[in-house]
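Chemist: okay, sequence plus prediction incoming.
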Amino acid sequence: MSIYDALNPNQLEAVLHTEGPLLILAGAGSGKTRVLTHRIAYMIEEKGINPWNILAITFTNKAAAEMRERVDKIVGFGSEHIWVSTFHSSCVRILRRHIDKLGYDNNFTIYDGDDQKSVIKDVCKRLNIDTKIYKERSILSAISSAKDELTGPDELMLQSTGDYAKKRIAEAYKEYQNILRSNNALDFDDLIVKTVELFLHNPDILEYYQDRFRYIMVDEYQDTNTAQFKFVSLLASKYRNLCVVGDDDQSIYKFRGANIYNILNFEHEYPDAKVIKLEENYRSTKTILNAANGVIHQNRGRKDKTLWTANDQGDKIRFLQFNSEYEEAMGIVEDIAEKVKNKEAAHSDCAILYRTNAQSRVFEEKFVIKGIPYKIVGGQNFYQRKEIKDLLCYLKTIDNAQDDIAVKRIINVPKRGIGLTSMNKVDAYALSHELNFYDALKSAKDIPTLGKTADKISGFVNLIQVLRSKLEFISLPQLMQEILEETGYVKELEADGSEEALGRIENIDELVNKAIAYEDENENPTLSGFLEEVALVADIDSLDNANDKVVLMTLHSAKGLEFPYVYMGGMEDGLFPSYMTIIDDDAQELEEERRLCYVGITRAMKQLTLSCAKSRMIRGMTQSNAISRFIEEIPEELMEMNQVIERKKRGEKMIDTIKTRKPYETSSETLKSNSGPSSLNRRTVHKNSDFFNKPYSGVDAVTGNNQKTALEYGVGDTVRHIKFGIGEVINIIDGGKDYEVTVNFEKFGVKKMFAGFAKLQLI
DNA sequence: CAGCCATATCTTTTT
DNA sequence: GATATGGCTG
């Protein structure tokens, strides 16, 4: 009896195949982590491979920690020598040692999204870019995409001949890189790009790591981008022992540059690759799996496979329609409360998944009201909160005052009477004397226009210098305490006294605790080391099952996780699939949304509940959305639907529990769960209830105005669309609730859209 | 320079 | 609805 006996034949084959390229197509819940961990164990214990020579790359720190833990359990020794880490932290580790070869300082700082935004603002100011026309966001995302594809600023410039917008972006890109360079900072994308650059320019360094990492494994391979692919393939090119695991059906990060062809074309890139499919699912019931299959089979661009399971049929998929997002939240929260009350489930067995972070708010309210413990993952990361960033920027400034962004953030926090005009004067001085911002601050006395503010600035510089001089004598937590005391940061919050301020103080305490933990865990802790660790954590990393809490998160964050009871809220066209993918009419984007839906469904082990609201507030406007098209793609015999029961009396439960619920139809016959004739014939439902009607947006449910308004344009007219610009109307179809308008846009070609959504203007 | 109020724009997803 | 920006006042 060995640990490998528990594997199915395909899993075993993957475990035993240790030499040469290997592609494991692992469907959701098919035990890929088990395969990876056993494969590592097999390599170490049976093949005598040195753990030192193994690199395993995951997507999140959480996944990395889990994998290490599981390997640890089955391997007697040596698992601590395996490199298990994310792309980003692997690259940071390499760059910390060698980035001086690229002319950076080895204690570079890492910029997050907020920092990037500050930089790009500065860039736009310097280059006189009108941010009304070129949005900071879109410039940043263009830069990011370029980096994902390993395209540098000069190369982008060459590509931009004749395209003015692209040229401006290339200029911005160049300036952006200059600023990062002089701040000795890298953004997330740079971490990968610079490592690749390092390898390409320094064959000796590359070879060192090739020899070091003779066996490489990459998890979630479908979500790698071109730069990450290059990183991996450079490392693997000497020994070719590259094992990638992924599922093209779970590729949901195209917006972040993920290149699905990395997995689809793996066999092309490595013709000698062994391909193994894992199609047996151990996680979900037959019902859940069939629902997932029903949805994903609508996609065209995918590798053919069908997941199956030997598990029970299980409960039907529940579909609940509510009147509003408030009722939706209450309905789900009450359902969970009842499960817990009946001892059917623990809080932590339940997860609520949604498309957008904004949806978490209503749920949170209801959880607070009911006193149910919950945890929201994502949204604003702990390390992005104001108070945390402030404190971190103090630390950054003490550690490395080259980072202008950090210095500028804290120079007037708390208020020191150093305002925007003074900052601009310092900036101008810094620019003309080729100093970085902090060094310019040091010479504040030499800047004549500053007047009295020069003293205030000297005070600040003094504070930093004093703190820095203490750095070698005191511990990190002590340093943080000093900062808080010297600046009066906490005092100010205490004086405020509001609930919000107290929350901030709690957060600060938590950060101090993290610093204490960091010092405990590391042999030679450094300030830079702490800042680095903190820069690369994702919110999901903090999720642990030890706390009995209901988990709320986006569908994206949920990838790789599983829960007995899964609730997917907001199953509405316009929300999920998102409004963008609908009006864009881009089949590829819609397929990505569908994969996201597939990911969500396959998180569920025992029971899946889908829900939607007839109307909900989106960005301050009440919208009525049609039921998500993905609902229609689930075979109807797997579904059980509710009827919304209006609240008759105050205090009465808004909806019945599912057991006594009537089918959606207005007939009085009760649905006997899991049996009886298929009375939920979709066509009937459609006819009786507008159930699967097309969206009719632009309708204000508050005023009850759901009359479509007459269109001010007709076929042949020229109209303007916010995103697509100018185009000619070529067709209009009366869709009952709304008009479907077909427009031929000058720049974007033919698009079909609903008049209520599109808000076309006659010109 | 800071604080207040008006307004404009926004989000889809994140290491 | 929530946040970021701009203009105004003290």
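Modeler: Thanks, I have it. Numbering: from 1, shown residues only, chains lettered A, B, ... in the order given.

Chemist: when you work out contacts or count neighbours from here on, use the C-alpha atoms and nothing else.
Modeler: Will do.

Chemist: what residue in the stretch 451-600 of chain A comes nearest to DNA strand C?
Modeler: In the stretch 451-600 of chain A, the residue that lies nearest DNA strand C is A:E500 (11.5 Å; C-alpha to the nearest atom of the strand).

Chemist: for that residue, grab the count of nearby residues.
Modeler: Look at A:E500: counted by other C-alpha atoms under 10 Å, it has 11 neighbours.

Chemist: buried residues in the one helix or strand it maps to?
Modeler: Assigned by DSSP states H and E, A:E500 belongs to helix A:499-521. Buried residues in helix A:499-521, counted by 16 or more other C-alpha atoms under 10 Å: A:A501, A:L502, A:R504, A:I505, A:N507, A:I508, A:L511, A:V512, A:A515, A:Y518, A:E519.

Chemist: ok, the fifth one to A:I398 distance?
Modeler: In this view, A:N507 and A:I398 are 21 Å apart by C-alpha to C-alpha, to the nearest Å.

Chemist: again with the second one
Modeler: Separation of A:L502 from A:I398 (C-alpha to C-alpha) stands at 26 Å.

Chemist: check the fourth one too.
Modeler: Computed as C-alpha to C-alpha, the A:I505 to A:I398 distance reads 22 Å.

Chemist: same question, the first one
Modeler: Counting by C-alpha to C-alpha, the separation of A:A501 from A:I398 is 25 Å.

Chemist: the residue nearest to A:A515 when sequence neighbours are not counted: neighbour count?
Modeler: Distance criterion C-alpha to C-alpha, 6 or more residues apart in numbering; nearest residue to A:A515, sequence neighbours excluded, is A:P477 at 5.9 Å. Neighbour count of A:P477, defined by other C-alpha under 10 Å: 18.

Chemist: what's near enough to touch A:P477?
Modeler: A:V512, A:N513, A:A515, A:I516 (C-alpha atoms under 8 Å, 6 or more residues apart in numbering).

Chemist: quick one: residues contacting A:C612.
Modeler: Contacts of A:C612 by C-alpha under 8 Å, 6+ apart are A:L320, A:Q321, A:F322, A:E325, A:E328, A:G569, A:G570, A:M571, A:E572, A:I627.

Chemist: is it bridged to anything, and to what?
Modeler: Per DSSP bridges, the residues bridged to A:C612 are A:Q321.

Chemist: what about it, distance to A:L590?
Modeler: A:C612 sits 19 Å away from A:L590, going by C-alpha to C-alpha.

Chemist: how about A:A346?
Modeler: 35 Å.

Chemist: check A:E66 too.
Modeler: In terms of C-alpha to C-alpha, A:E66 sits 32 Å off from A:L590.

Chemist: same deal with A:T609?
Modeler: Relative to A:L590, and taking C-alpha to C-alpha, A:T609 is found at 22 Å.

Chemist: A:G152 too?
Modeler: Distance from A:G152 to A:L590, counting by C-alpha to C-alpha: 30 Å.

Chemist: of these two, which one has the most company?
Modeler: Taking other C-alpha under 10 Å, A:G152 and A:L590 do not tie; A:L590 has more neighbours (19 against 16).

Chemist: residues touching the more buried one, list them.
Modeler: A:P577, A:T581, A:I582.

Chemist: just the element for it, please.
Modeler: Element membership for A:L590 (DSSP H and E) is helix A:587-601.

Chemist: which parts of that helix are buried?
Modeler: Neighbour-count burial for helix A:587-601, counted by 16+ other C-alpha under 10 Å, picks out A:589-601.

Chemist: ok, stretch A:634-645 next?
Modeler: Neighbour count says stretch A:634-645 has A:I634, A:E636, A:E637, A:L638, A:M639, A:E640, A:M641, A:N642, A:Q643, A:V644 buried, by 16+ other C-alpha under 10 Å.

Chemist: CA atoms of it as PDB?
Modeler: Extracted as PDB, the C-alpha positions of stretch A:634-645 are listed here (Å, rounded to 0.1, in the frame of the first residue of the first chain):
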ATOM      1  CA  ILE A 634     -28.500  25.000 -17.600                       C
ATOM      2  CA  PRO A 635     -30.600  22.000 -18.500                       C
ATOM      3  CA  GLU A 636     -34.000  22.800 -17.000                       C
ATOM      4  CA  GLU A 637     -34.600  19.400 -15.500                       C
ATOM      5  CA  LEU A 638     -31.800  20.200 -13.100                       C
ATOM      6  CA  MET A 639     -33.400  23.300 -11.900                       C
ATOM      7  CA  GLU A 640     -35.900  24.200  -9.300                       C
ATOM      8  CA  MET A 641     -37.400  27.800  -9.300                       C
ATOM      9  CA  ASN A 642     -39.100  29.900  -6.800                       C
ATOM     10  CA  GLN A 643     -41.900  32.300  -6.900                       C
ATOM     11  CA  VAL A 644     -41.400  35.600  -5.400                       C
ATOM     12  CA  ILE A 645     -44.000  36.000  -2.700                       C
END
